[in-house]
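Participant: Sequence plus the predicted model coming up.
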Amino acid sequence: MRVLIVDDEEEVASFIKSGLEDYGIVADTAADAIIGQKMMAEKSYTSVILDINLPIINGYEFCQIIRERYRDVAILMLTALGSTEHKLTGFDVGADDYLVKPFEFRELMARLRAINRRRAVGPIESVVLKMADLELNVKSKEVRRGNRKLTLTARELALLEYFMKNPNKAMTRAEIAENVWDVSFDTGTNVVDVYVNYLRKKIDKDFSPKLIHTLSGIGYIMKEDET
């Protein structure tokens, strides 16, 4: 694992770098996205730990750049901005995980390892998942319902894929968070519910039968019937 830490707070960046090196991980630091881009062009990184409040180019914009150019790089956003909206924006622009400052270093390491394990999984076979008239091509990420092609964000695609690989199975919010986000479920956030609602609006709102159902006191289930 080789990690690039992009944070304009020198003390924070140095602390993370030192901690990673204690685990035998090679780590470099960059004070802004411009320096970060140059370093990524010169070296091969498996992961980027990225702050949001950066000078010149903010962390959201840099995350998009990384995701477009380096699709296999794991991105962990590490920031003091901890609202649900900030987290949703982070996931929408391509972050694999989101950790709020102040943090415990053991948790940072656990999350970093988790997102790298997921990124290290081999190529997915070309396969089309189906339920009713909904189809998801896991390789091309194309989604269709009936004759309509649907546009989903990366996180919505990951959520849909998890649902479609687990049909007719009752799933708790904790299960969904741990399998789609690779994080322990935080009962103080409604990120899972927000994304399920986003997904419902795209694949269920204008179609029948409805496929994603709420299970009171449990979580969600994907099934064809509404009974």
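Facilitator: Alright, I've got the coordinates. Numbers count the residues shown, from 1 in each chain.

Participant: residue ranges of the helices in this protein, please?
Facilitator: 10-22, 33-42, 59-69, 84-92, 105-120, 154-165, 173-176, 191-203 (DSSP state H).

Participant: how is this protein carved up into domains?
Facilitator: As given by automatic domain parsing, the domain ranges for the chain are 2-120, 128-222.

Participant: could those domains go into a markdown table alongside mean pLDDT and mean neighbour count?
Facilitator: In short, each C-beta sits where N, CA and C put it, glycine included. Below are the domains of the chain laid out as a markdown table (pLDDT from 0 to 100; neighbours: other C-beta atoms under 10 Å):
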| stretch | mean pLDDT | mean neighbour count |
| --- | --- | --- |
| domain 2-120 | 91 | 17 |
| domain 128-222 | 89 | 16 |
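
Participant: ok, back up a step: the helices of the chain into a markdown table, with extra columns for distance to Ser216?
Facilitator: As requested, the helices of the chain are exported to a markdown table (distance: least, C-beta to C-beta, whole Å):
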| stretch | distance to Ser216 |
| --- | --- |
| helix 10-22 | 42 |
| helix 33-42 | 45 |
| helix 59-69 | 35 |
| helix 84-92 | 22 |
| helix 105-120 | 30 |
| helix 154-165 | 18 |
| helix 173-176 | 13 |
| helix 191-203 | 13 |
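
Participant: closest to Val3 out of the ones you listed?
Facilitator: With C-beta to C-beta as the measure, helix 10-22 is the member of those nearest Val3 (5.7 Å).

Participant: list the helices and strands the closest one packs on?
Facilitator: With contacts taken as 3 or more C-beta pairs under 8 Å, 6 or more residues apart in numbering; DSSP states H and E, helix 10-22 sits against strand 2-6, strand 26-30, helix 105-120.

Participant: Rebuild the ones you listed as TSV, extending it with distance to Ile218.
Facilitator: Formatted as TSV, the helices and strands packed on helix 10-22 follow (distance: least, C-beta to C-beta, whole Å):
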stretch	distance to Ile218
strand 2-6	37
strand 26-30	41
helix 105-120	24
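
Participant: Val12 is nearest to which of these?
Facilitator: Nearest to Val12, of all the helices and strands packed on helix 10-22, is strand 2-6, at 8.4 Å by C-beta to C-beta.

Participant: and the angle for that closest one with strand 26-30?
Facilitator: On the basis of axes from the mean of the first three to the mean of the last three C-alpha atoms, to 10 degrees, strand 2-6 is oriented at 20 degrees to strand 26-30.

Participant: Dihedrals phi and psi, the closest residue to Asp225 other than its chain neighbours?
Facilitator: In this structure, Asp225 finds its nearest non-sequential neighbour in Pro209, 6.8 Å apart by C-beta to C-beta, 6 or more residues apart in numbering. Per-residue torsions, Pro209: phi -80, psi 160 (degrees, to the nearest 10).

Participant: Now do Pro209 against Met222, distance only.
Facilitator: Per C-beta to C-beta, to the nearest Å, Pro209 is found 11 Å from Met222.

Participant: ok so, going back, with Phe15 as the reference, name the closest of the helices and strands packed on helix 10-22.
Facilitator: Of these, nearest to Phe15 by C-beta to C-beta is helix 105-120, at 8.2 Å.

Participant: I'd like the distance from that closest one to the chain centre, please.
Facilitator: Here helix 105-120 is found 12 Å from its chain centre; the criterion is C-alpha atoms, centre = their mean, to the nearest Å.
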